[in-house]
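Asker: no sequence for this one, just the structure:
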């Protein structure tokens with residue numbers, strides 16, 4: 001494997017570990033790993049610290065997935081970009097600096113869709129938003145997007161290996177939603193309701 005690949009993939013993983021929610025939470029007097037669902041992600045920040053905090057975490061986590069594939073394409077094309085995207089998502093979900101206890105990866109995964117398949121991103125965001133609007137459940141929106149994005153990539157005729165990598169990324173995100181899936185089946189999943197920012 002070329003040195004540039006190794007460095008960029010490692011760098012992508014490290015970037016993925018950047019603790020956006022924890023840093024934003026400190027500014028708001030909230031620890032997202034101990035409040036709400038305990039997940040350091042945008043939805044939990046929205047619930048526990050308000051809309052502004054949730055939006056800030058969402059943008060920050062999306063940027064982790066968006067920026068590095070652009071660099072990968074510039075350095076050595078789409079294969080490297082896809083590898084960097086996957087590494088950033090793995091870094092977000094399994095951050096070595098926090099004992100491999102990270103978020104669920106949806107924002108970082110979603111950010112990577114934008115430079116890789118912008119047309120899929122537009123539809124995928126619509127699927128997510130519509131599902132959340134209809135069900136009031138962020139987890140259902142995320143799970144719908146996990147299914148829709150790889151399916152859309154395939155429908156638009158992307159190469160099989162790109163569809164496989166995309167399915168792997170969003171499959172991992174879906175697995176990380178296992179606790180949400182269990183609560184949904186039991187009828188205990190809470191609605192996305194933010195409170196006033198602190």
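Answerer: That came through, no problem. Since the model is a prediction, treat every value here as computed from it, not as a measurement.

Asker: rest of the way, CA atoms for contacts and neighbours
Answerer: Noted.

Asker: now do the helices in this protein.
Answerer: 3-16, 20-28, 42-49, 51-93, 106-116, 118-135, 138-155, 160-176, 178-186 (DSSP state H).

Asker: who are the packing partners of the fifth one?
Answerer: Read it as helix 106-116. Using 3 or more C-alpha pairs under 8 Å, 6 or more residues apart in numbering; DSSP states H and E, the elements in contact with helix 106-116 are helix 51-93, helix 118-135, helix 160-176.

Asker: and of these, who's closest to residue 108?
Answerer: Closest approach to residue 108 among the helices and strands packed on helix 106-116 is made by helix 51-93 (4.4 Å; C-alpha to C-alpha).

Asker: how many degrees apart are the worst-scoring helix or strand of the chain on mean pLDDT and helix 51-93 in direction?
Answerer: Among the helices and strands of the chain, helix 42-49 carries the lowest confidence by mean pLDDT, DSSP states H and E, at a mean of 86. Relative orientation of helix 42-49 versus helix 51-93 (axes from the mean of the first three to the mean of the last three C-alpha atoms, to 10 degrees): 140 degrees.

Asker: related to what we said a few turns ago, can you tell me which of the helices of the chain the model trusts least?
Answerer: By mean pLDDT, the lowest-scoring of the helices of the chain turns out to be helix 42-49, with a mean of 86.

Asker: return the distance of that helix from the chain's centre.
Answerer: The chain centroid and the centroid of helix 42-49 are separated by 15 Å under C-alpha atoms, centre = their mean, to the nearest Å.

Asker: the inter-axis angle of it versus helix 106-116?
Answerer: Using the same axes, to 10 degrees, helix 42-49 lies at 130 degrees relative to helix 106-116.

Asker: now do helix 42-49: which elements does it pack against?
Answerer: On a contact count with 3+ C-alpha pairs under 8 Å, 6+ apart, helix 42-49 meets helix 20-28, helix 51-93.
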